[in-house]
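# Okay, predicted coordinates and the sequence, questions at the end:
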Amino acid sequence: MIKEAGEEIIITPAEWGTQEVTYYEKEDGTKIEIEKANFLQGFETVEIKAASAKWEMSEKLPDCESNNPDDCRYWCYKPVPAEFKTMPVEKLQSDAKVNKIRVPGITKTYIRKVMIKRPSTKVIKTAPEYKTITKTNLVRDARTEEVIVPAVYRSVTKQVLVKKRRIIFLESSRLFSYRQYPTSN
C-alpha cells in the first residue's frame with residue numbers, strides 16, 4: 001500500500017448575484033403654507049368723548065340793572081354734546097389660514113451583491129492505493145571463507161640481448177637507406 005484510505009474535502013464556493021434595493025432618501029411629508037389675513041381699509045367715526053351735562057352760569061341779562069353782575073345771572077344745567085372723530089381703520093375681511101400641502105418622498109435605488117447559494121464542503125472517501133514492488137530478501141548474511149589455492153608453476157624461455165646494434169642513415173639521391181653495424185660495448 002502506497003497510500004492509505006482517507007477523505008478528501010471538496011469546497012464549493014458561494015454563488016453571487018446582484019439585487020436592486022429601493023430606499024427612501026426622504027420620506028413623504030407635509031409642507032405648511034400660511035395665508036395671511038386680509039383687511040379692508042376704511043374710515044369709522046368714533047366717539048372720543050361721551051355726551052354729558054354741566055352746570056354753567058348764564059350770561060348777564062341785558063336788561064339787568066343791578067350793580068352786582070352776579071345778580072343778573074343764574075345757574076343752568078347745560079348738556080355737552082359728545083365728541084366724535086373720523087379715523088382710518090382696517091377691518092378683517094378674512095382670517096389667516098394654514099394650508100397643508102403633501103410633499104411626496106424621494107426614493108432611490110442602489111445595486112448590492114447578494115449570495116445566491118451558500119458555500120459548501122463535501123467529504124468524499126478515497127480508496128487506498130497499492131503498487132507491486134520488487135524486494136530482495138537476504139537469504140544468508142555475508143561471510144568469509146578461506147580456501148587454500150595451490151601454487152602453479154611454469155617454465156619460461158627468455159632471450160637476453162647481448163649486444164646492441166647501431167643504425168646509421170646515409171643520404172644519397174634523396175633516398176634513405178640504412179645499414180646495420182655492430183656496436184661495441
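Happy to help now that I have it.
# The residue at minimal distance from the centre of the chain: what secondary structure?
What sits nearest the mean C-alpha location of the chain, by CA atoms, centre = their mean, is R112, with 11.5 Å. Three-state assignment for R112 (DSSP: H, G, I helix; E, B strand; the rest coil): strand.
# hang on, isn't it packed against Q19?
Yes: assessed by CB atoms under 8 Å, R112 is found in contact with Q19 at 5.7 Å. From N, CA and C alone the C-beta is placed, and that goes for glycine too.
# Tell me the pLDDT of the residue nearest to the centre of the chain.
R112 carries a pLDDT value of 93.
# Averaged pLDDT, stretch 49-58. What do you get?
88.
# which other residues reach that stretch?
For stretch 49-58, contacts defined as CB atoms under 8 Å, 6 or more residues apart in numbering pick out 70, 73-83.
# can you tell me which helix or strand the spatially most distant residue from the centre of the chain belongs to?
Among the C-alpha atoms of the chain, the one farthest from their average position, using CA atoms, centre = their mean, is that of E65, at 119.8 Å. Per DSSP states H and E, E65 falls between elements, in no helix or strand.
# Distance check, it against D71.
When distance is defined by CB to CB, to the nearest Å, E65 is 9 Å away from D71.
# State the phi and psi torsions of C72.
phi -100, psi 10 (degrees, to the nearest 10).
# Can you tell me the closest non-neighbouring residue to K36?
A96 (5.6 Å; CB to CB, 6 or more residues apart in numbering).
# That neighbour contacts E35, correct?
Yes: if you go by CB under 8 Å, A96 and E35 touch, sitting 6.4 Å apart.
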